[in-house]
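# Sequence first, then the predicted structure:
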Amino acid sequence: MNDTSHAYVETGAANAQRRRWLQRAAAGVAGLALGPLAGLPAHAQGTTRLRIGFQKYGNFVVLKARGTLEKRLASQGVAVQWLEFPAGPQLLEGLNAGAIDVGTVGETPPIFAQAAGVDFVYIGNEPPAPHGEAIVVLPDSPIRSVAQLRGKKVAFNKGSNVHYLLVKALQQAGLAYTDIQPIYLTPADARAAFVQRNVDAWVIWDPYLAAAERQLGARVIANGEGLVRNTQYYLAARKYAAAQPQVLRALLDEIDAVDRWGRDHVPDVATLLSPLVGLDAPTLEVALKRTGYGVQPIADATLAYQQNIADTFSTLKLIPGKISVASAR
């Protein structure tokens with residue numbers, strides 16, 4: 001689920017294209033099944049569970065609540081376990097530690113994770129959602145533009161999707177990353193610091209962004225439009241992807257089904273999510289309407305975009321050395 005204002009109606013051609021996307025995604029996952037594990041059913045390989053890392057908001061929360069994945073995988077003898085993380089970087093730490101097999105994160109966490117040696121593969125992505133993240137200030141702040149962030153304290157979750165938004169926004173405004181004071185905080189801690197005026201600006205994503213706008217009157221000084229895509233990715237531990245391609249096929253299929261349902265039932269999704277994420281339904285509707293829907297296979301252009309992020313962070317010495325994003329395909 002990510003961006004958009006485009007119509008929530010699919011033509012027959014669009015549906016056919018979606019089926020081809022899923023078929024290619026499934027083929028890509030199946031292509032990872034190498035060596036003696038290839039072709040074996042999931043239960044025959046000794047793994048009878050799928051451990052999914054998720055965050056407080058998004059289609060994984062809807063998928064978990066609906067229970068359709070559990071029903072589908074039960075026939076394969078696979079049990080589903082869900083583990084919640086505060087943000088993408090922490091989720092990928094869990095994947096690296098072997099606590100989860102699959103997770104969904106924004107565009108920046110995989111770069112930091114790959115640079116740190118986390119062994120994963122990209123298995124799919126959602127459409128871009130550039131309006132789903134932004135740099136915000138309090139309504140009475142004298143700051144009116146990104147250029148005025150020079151010397152200011154800016155809160156954000158290090159290594160999260162908004163890290164790249166901040167870098168690109170500063171570049172566009174003629175500022176260097178070293179011109180600001182980065183304050184690395186999780187979303188909950190960053191909001192507290194923002195409200196208490198311990199920081200001057202906050203870089204955050206939905207639904208925290210929508211909540212800040214509606215509850216605090218936060219004012220957007222820049223969002224991702226024209227700067228970043230804000231793409232959501234599905235990642236899997238490499239060993240799990242090689243051993244369990246049919247489980248990941250089922251997962252991608254069920255994610256896409258939830259996306260298609262959510263696209264047509266935004267108020268219902270907001271009502272479902274409200275007690276789970278602790279936000280009112282109208283706030284969640286704001287976030288959901290900035291979201292795009294539908295699982296897509298990893299394309300060459302997508303990897304090239306990720307490589308640009310990696311190269312930018314390498315140049316800024318935010319990650320050690322250079323990485324090849326394509327090696328995580």
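Okay, I see it. Numbering: from 1, shown residues only.
# Quick one: neighbours of residue 71, just the number.
By other CB atoms under 10 Å, 11 other residues sit near residue 71. From N, CA and C alone the C-beta is placed, and that goes for glycine too.
# so which helix or strand takes in it?
Using DSSP states H and E, residue 71 maps to helix 68-74.
# Return the set of buried residues in that helix.
68, 69, 70, 72, 73 (16 or more other CB atoms under 10 Å).
# Determine the next helix or strand in the C-terminal direction from it.
In N-to-C order, the element after helix 68-74 by DSSP H and E is strand 79-84.
# That following strand packs against which elements?
Other helices and strands packing on strand 79-84, by 3 or more CB pairs under 8 Å, 6 or more residues apart in numbering; DSSP states H and E, are strand 49-54, helix 68-74.
# Residues contacting the last one, please?
In this case it means helix 68-74. With contacts defined as CB atoms under 8 Å, 6 or more residues apart in numbering, helix 68-74 is touched by 50, 63, 79, 80, 247, 250, 251, 254, 257, 258.
# and which of these is nearest to residue 94?
Checking these against residue 94 with CB to CB, the nearest one is residue 50 at 14.1 Å.
# can I assume the closest one is in contact with residue 83?
No: look at residue 50 against residue 83 with CB atoms under 8 Å: they stay out of range, at 11.3 Å.
# coming back round to it: just the buried residues of helix 68-74 now: which is nearest residue 146?
Nearest to residue 146 among the buried residues of helix 68-74 is residue 69, at 40.7 Å by CB to CB.
# So residue 50 and residue 83 - more neighbours on which side?
More neighbours surround residue 50 than the other of residue 50 and residue 83, with 25 against 13 (other CB under 10 Å).
# measure the more buried one to residue 96 for me?
18 Å (CB to CB, to the nearest Å).
# give me the element the residue found closest to residue 184 once you drop the neighbours it is linked to in the chain is part of.
Once flanking residues are discounted, residue 184 sits nearest to residue 158: 4.1 Å by CB to CB, 6 or more residues apart in numbering. Counting by DSSP H and E, no helix or strand carries residue 158.
# Spit out the contact partners of residue 158.
89, 182, 184.
# ditto for residue 220
Neighbours of residue 220 in contact, by CB under 8 Å, 6+ apart: 134, 135, 136, 213.
# I'd like these written out as CSV, with secondary structure and pLDDT added.
Formatted as CSV, the contacts of residue 220 follow (DSSP: H, G, I helix; E, B strand; the rest coil; pLDDT from 0 to 100):
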residue, secondary structure, pLDDT
134, strand, 99
135, strand, 99
136, strand, 99
213, helix, 99
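# hey, where'd the helices end up in the protein?
Taking DSSP state H, the helices of the chain run over residues 12-30, 59-66, 68-74, 88-96, 109-115, 161-172, 187-195, 208-216, 238-243, 245-264, 266-277, 281-288, 300-315.
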